[in-house]
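Enquirer: Here is a sequence with its predicted model. Questions after.
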Amino acid sequence: MPDKQGSERRRYPRFHGLHLMANIGNKLVRVAEISAGGMTLEAGFKLSDDALRFTLYPSDNGKLDINHGIGGTCRVVRADESFVALRFDPATYRLVKFIAECSDTGPEQDSFLG
């Protein structure tokens, strides 16, 4: 979101609609948006002032790819009835690389030659 001078205040670009799901607090919730610094999830899991553990999974047509998930920790930044904003704590290299690959902005994935 641009500030009063027209500059982008966010440090990292946000991505919407990447079909990611998060397992957090033993609840599976949809990732509404994600960036290298954090993510916004649909509400519906227990909030805590302490660090929360999560696992992100890519999904396709409602099916989770549990073989390609990645875990981490995060902290609640804000919450309302519909969404919870979380900051990665920390945003590890592997996590940021996973987000970049899911958004098709990261390095090319290795492919196997038949």
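Expert: Perfect, I can see it now.
Enquirer: For the protein, just list every one of the strands.
Expert: For the chain, applying DSSP state E gives strands covering 15-16, 20-24, 27-34, 38-42, 52-60, 63-64, 70-79, 83-88.
Enquirer: which secondary element of the chain has the worst mean pLDDT?
Expert: strand 15-16 (a mean of 82; mean pLDDT, DSSP states H and E).
Enquirer: Adjacent strands (with direction) for that strand?
Expert: Strand 15-16 sits in its sheet next to strand 27-34 (antiparallel), going by DSSP bridges.
Enquirer: buried ones in the partner strand?
Expert: 29, 31-34 (16 or more other Cβ atoms under 10 Å). For every residue, glycine as well, the C-beta is placed using N, CA and C.
Enquirer: got those as TSV, with distance to Lys97 and pLDDT columns?
Expert: Shown next, in TSV, are the buried residues of strand 27-34 (distance: Cβ to Cβ, whole Å; pLDDT from 0 to 100):
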residue	distance to Lys97	pLDDT
Val29	22	93
Val31	16	94
Ala32	21	94
Glu33	18	94
Ile34	13	94
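Enquirer: which one among those residues gets closest to Lys46?
Expert: Closest approach between the buried residues of strand 27-34 and Lys46, by Cβ to Cβ: Val29, at 11.4 Å.
Enquirer: Please look at the closest one and Phe45 and confirm they touch.
Expert: Yes: Val29 lies in contact with Phe45 (Cβ atoms under 8 Å); the separation is 6.0 Å.
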